[in-house]
Each structure stands twice: as C-alpha cells, then as structure tokens.
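Engineer: starting from these lines, generate the structure:
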Amino acid sequence: MINTAIIYSRSNSKRLKNKALLKIYRDKCLIEKVIQNTLKIKSIKKIILATTKSRKDKIFEKKFKKYPIQFFYGSTNNLIKRTIDCSKKFHFDYFLRVCGDRPFYSYKNINNIITKLNKKKNLTYDLISNNKKIKKVDQGLTIEIVSSKSLNKIYLNNKLTKYNLENLTNIYYQNEKKFKIQYLKSPKNWFLNNKYTIDDIVDLKKMRAIILKVGYHNFDIKKADQIIKKNNF
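Structural biologist: Predicted coordinates:
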C-alpha cells in the first residue's frame, strides 16, 4: 500500500541560501507550496517533512505545524540513512519521494498513479519512476515511489559512495538490472528540456514569473513553457 509521502528539505542549501523559506508569492514560501501540493494528493494519508538534526531546521516545525503533517529530524548528508530511520519510526512500506525544491510537480497525475497501484494486491517493485535513465523528464517533474525494504537492503549490503548517500535513488538507475523497476509513461510536454527545480536566483525568478501568470494554486505546463520561452529562462 502506498499512502505515505516524504518531503525532503533543509535550510542550509548550498547554491541558494535558505531557499526553502524564500517567498515565491506574497507571503508564501517555496517549501510551503510543496507542502500544499502534497496535501492535495488524496491517496496520500501521511505526510512527513524529513529534515536534518540541525538547530536551524527546527524552524520548519515552528512555521508549518499548522498543516496536518509530521516532522522527522535525521542525518544531514546521508539522505538514505535519514530515510531509513524515518521509515522505522513511522512504519511504511512504500513512500512517495517529494523534493522540497520542486513546486510544480503534478499532484493530480501522481494521485491517479498511486490510486491505480493501490488496487493491486501485492506490490513487489523496488522503485516506481517516470525518469528513465536514457530519456529523462524535465527537472522538477520526476515521480518516484520507493520501497523502504529495498532501500534498507541497499544500505546494508553495499559500499555506497558519498554521492549515492546524498542522492536517494541514484543507485537504482545505475544498476537497473539488479532491481525491479516499473517505469511510468509521462506526457510528451514533460520532455521539453525545461527546468522546474529551484537551485539558484534565476530559477527563483522563473518560478515567480510562472506563478504570477498561471496562478499560485494552478500549474499549466503549456502556459509555463510559453512563459519560459518568452522570458528566455
């Protein structure tokens, strides 16, 4: 059963300082937009914001405890360990991975996918993804559902590089034949080489421009593409 989402965020971002808390529309900040999107996925019943044990990251709980989500504090640079420790505390078999710098992911599409998957009696996949190794969707539109059991086996049985410890699903794509992966189809306009993740000030300006034209509570990828082309983002 897939009914849990983990939102990953921390205040100490390297390229864009405190980007999670930067305002994107009026009084709304980036991570709040991500939280609100995740709450719209009806098939998800438990949402956990997984951040680090740093004192600075306590601010997430202070600011967003008004939302029906839970908080977990774990490893700073070992994202796999943070996830495994989180799964042990909250007891879930599968989880939707939600990156805190992706404000435009399609919650409607994700809800439809999870609803269909949950109709199956037994899920045995290690990873469910729309991001093939050869043909990758635009950054920020990736959908990944991960098996906690599989991730734990990876951590216990492999000597992982620093890069793999910091990048949750990379090892699956590096070793496709070793894992049971279900690849999902995505719309054609998800492969336009656009970027919908927020890593620097240019990305932030682009996001603000899209929200201003499309609306805070809506996301139309066709309109977003037009805005990106018009403004040369």
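Engineer: who does the host helix or strand of residue 151 touch, helix- and strand-wise?
Structural biologist: Per DSSP states H and E, residue 151 falls inside helix 148-157. Helices and strands touching helix 148-157, by 3 or more CB pairs under 8 Å, 6 or more residues apart in numbering; DSSP states H and E, are helix 79-90. The way it works is simple: take the backbone N, C-alpha and C, and place the C-beta from them, glycine included.
Engineer: just the angle between the helix it packs on and helix 148-157, please?
Structural biologist: Helix 79-90 runs at 130 degrees relative to helix 148-157, counting by axes from the mean of the first three to the mean of the last three CA atoms, to 10 degrees.
Engineer: what's the neighbour count on residue 196?
Structural biologist: 24 (other CB atoms under 10 Å).
Engineer: apologies, that question was intended for residue 49.
Structural biologist: Counted with other CB under 10 Å, residue 49 comes out at 26.
Engineer: pretty sure it sits against residue 73.
Structural biologist: No: the pair residue 49 / residue 73 is not scored as a contact, 9.7 Å apart, by CB atoms under 8 Å.
Engineer: and after the helix holding residue 151, which helix or strand comes next?
Structural biologist: Following helix 148-157 toward the C-terminus (DSSP H and E): helix 162-166.
Engineer: what's next to that next one, contact-wise?
Structural biologist: 77-81, 170-171, 174 (CB atoms under 8 Å, 6 or more residues apart in numbering).
Engineer: separation between the spatially most central residue of the chain and residue 83?
Structural biologist: Geometric centre of the chain, nearest residue: residue 98, 2.0 Å, by CA atoms, centre = their mean. Residue 98 sits 12 Å away from residue 83, going by CB to CB, to the nearest Å.
Engineer: can you list residues touching both of the two?
Structural biologist: Joint contacts of residue 98 and residue 83 (CB under 8 Å, 6+ apart) are residue 6.
Engineer: against which helices or strands is the lowest-mean-pLDDT helix or strand in the chain packed?
Structural biologist: Least confident helix or strand, the chain: helix 221-230 with a mean of 91, by mean pLDDT, DSSP states H and E. Helix 221-230 sits against helix 201-214, with contacts defined as 3+ CB pairs under 8 Å, 6+ apart.
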